[in-house]
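1. next one to model:
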Amino acid sequence: MRLYALRGATSVEVNDAPSILDATEELMLELLRRNGLQPPDLVSCLFTLTDDLDAEFPAVAARRIGLSQVPLLCAREVSVPGSLPRIIRVMLHCYGAEDHEARHVYLGEARRLRLDLEGAQ
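-> Prediction:
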């Protein structure tokens, strides 16, 4: 087994709890699905939000989908002029097979963050 760090991001249209929770849940489920992961494979998860998102913690969505034993942390993303608004990012640490091909996931407007990753969308 090898330790991997998977990246992902998504966007929301408005700063409200349902939007943040639904978008985060979709992102996490897609990361788990594309990488064939189960909760016991996960080591930790770090979420960041842009300054314009403060209605809810993304970690609540992770708990909602059953990641209650995974250490979770939420933080503020660095505010860079001209960066995309209303973005939720995640770095997920997990164990996988030595030959696993990490599949990062970028959804919604966040797809624009990593156009270099073929298949990330």
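
2. can you count the residues close to Thr50?
-> A count of nearby residues for Thr50, using other Cβ atoms under 10 Å, gives 21. Where C-beta positions appear, they are placed from N, C-alpha and C, glycine not excepted.

3. same deal with Asp52?
-> The local packing of Asp52 (other Cβ under 10 Å) involves 12 other residues.

4. and it, that's in a strand?
-> No. The assignment for Asp52 is coil, going by DSSP: H, G, I helix; E, B strand; the rest coil, so no strand is present there.

5. Arg89: what's it in contact with?
-> Counting by Cβ atoms under 8 Å, 6 or more residues apart in numbering, Arg89 touches 7-9, 47-49, 77, 110.

6. oh, I was asking about Cys45
-> When contacts are counted by Cβ under 8 Å, 6+ apart, Cys45 touches 59, 62, 67, 70-73, 90-93.

7. and it, how far is that from Leu32?
-> Between Cys45 and Leu32 the distance, using Cβ to Cβ, to the nearest Å, works out to 11 Å.

8. excluding chain neighbours, what is closest to the residue nearest the centre of the chain?
-> The residue at the geometric middle of the chain, judged as the C-alpha nearest the mean C-alpha position with Cα atoms, centre = their mean, is Val90 (3.2 Å). The shortest distance from Val90 to any residue that is not its chain neighbour, by Cβ to Cβ, 6 or more residues apart in numbering, is 4.8 Å, and that residue is Gly8.

9. which element, helix or strand, includes the one you found?
-> Under the assignment given by DSSP states H and E, the secondary-structure element containing Gly8 is strand 2-11.

10. for that strand, which strands pair with it and how are they oriented?
-> strand 87-96 (antiparallel), strand 105-106 (parallel) (DSSP bridges).

11. any idea of the mean pLDDT for it?
-> Strand 2-11 shows a mean pLDDT of 98 in the predicted model.

12. beyond it, next helix or strand please.
-> Heading towards the C-terminus - elements assigned by DSSP H and E - strand 2-11 is followed by helix 17-34.

13. please export the C-alpha coordinates of that following helix as CSV.
-> Once side chains and other backbone atoms are set aside, the C-alpha atoms of helix 17-34 remain, and they are given as CSV (Å, rounded to 0.1, in the frame of the first residue of the first chain):
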residue,chain,number,x,y,z
ALA,A,17,-25.3,26.1,3.8
PRO,A,18,-27.3,23.8,1.4
SER,A,19,-25.1,24.8,-1.6
ILE,A,20,-21.9,24.3,0.2
LEU,A,21,-23.0,20.9,1.7
ASP,A,22,-24.4,19.6,-1.6
ALA,A,23,-21.4,20.6,-3.7
THR,A,24,-19.0,19.2,-1.1
GLU,A,25,-20.9,15.9,-0.9
GLU,A,26,-20.9,15.6,-4.7
LEU,A,27,-17.1,16.3,-4.8
MET,A,28,-16.3,13.8,-2.1
LEU,A,29,-18.5,11.0,-3.5
GLU,A,30,-16.9,11.5,-6.9
LEU,A,31,-13.4,11.4,-5.5
LEU,A,32,-14.2,8.2,-3.7
ARG,A,33,-15.9,6.6,-6.7
ARG,A,34,-13.2,7.5,-9.3
